[in-house]
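*Asks:* coords please:
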Amino acid sequence: MQSDKNIYSHRGQEWIEFMWEVLDHVEDYTIKQYGDKGEDLLTEMTAEECILQIKQYCARFGRQGREGQQLLDMKKIAHYACIIWHKLKEESDANELSDMRKADP
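*Replies:* Sure thing, here's the model as predicted:
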């Protein structure tokens, strides 16, 4: 099996490293603290509300004195972005299904 370093660009490798960090954060902290999809607060939040959360983390960038807080905030931003992407995709898929049903005689 080939190493990821032989397959992906430098940016791709950076993304994979970051993806694993975010996944660990989601599994080890977020799910344990707040629950999984369908039982957490994010399930009920709109994409717009998730954007507001991202804006809050961006606004405090460079202002947090705790060591490692900026790296943690980037993981949180990425997680919110992922939630937004899935909410938009689910909405798009639902719209496509609805359009197909309208077109079906």
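
*Asks:* compute the number of surrounding residues for His79.
*Replies:* Counted by other C-beta atoms under 10 Å, the residues lying close to His79 total 20. Where you see a C-beta, it was placed from the backbone N, CA and C, and this is true even at glycine.

*Asks:* any idea how far the longest helix belonging to the chain is from the chain center?
*Replies:* Counting by DSSP state H, the longest helix found in the chain is helix 69-103. Averaged C-alpha coordinates place helix 69-103 at 8 Å from its chain's average position (C-alpha atoms, centre = their mean, to the nearest Å).

*Asks:* same check on stretch 21-31?
*Replies:* 11 Å.

*Asks:* counting contacts, what elements does the longest helix of the chain pack onto?
*Replies:* Counting contacts by 3 or more C-beta pairs under 8 Å, 6 or more residues apart in numbering; DSSP states H and E, helix 69-103 packs against helix 10-25, helix 47-59.

*Asks:* okay, these in JSON lines with distance to Leu88 and mean pLDDT next?
*Replies:* Formatted as JSON lines, those follow (distance: least, C-beta to C-beta, whole Å; pLDDT from 0 to 100):
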{"stretch": "helix 10-25", "distance to Leu88": "18", "mean pLDDT": "97"}
{"stretch": "helix 47-59", "distance to Leu88": "6", "mean pLDDT": "97"}
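
*Asks:* Gln64 touches Lys76, doesn't it?
*Replies:* No: Gln64 is beyond contact range of Lys76, at 11.9 Å (criterion: C-beta atoms under 8 Å).

*Asks:* who has more neighbours, these two?
*Replies:* Between Gln64 and Lys76, Lys76 has the larger neighbour count (other C-beta under 10 Å), namely 18 against 13.

*Asks:* so who does Tyr8 touch?
*Replies:* Shown in contact with Tyr8 (C-beta atoms under 8 Å, 6 or more residues apart in numbering): 15-16.
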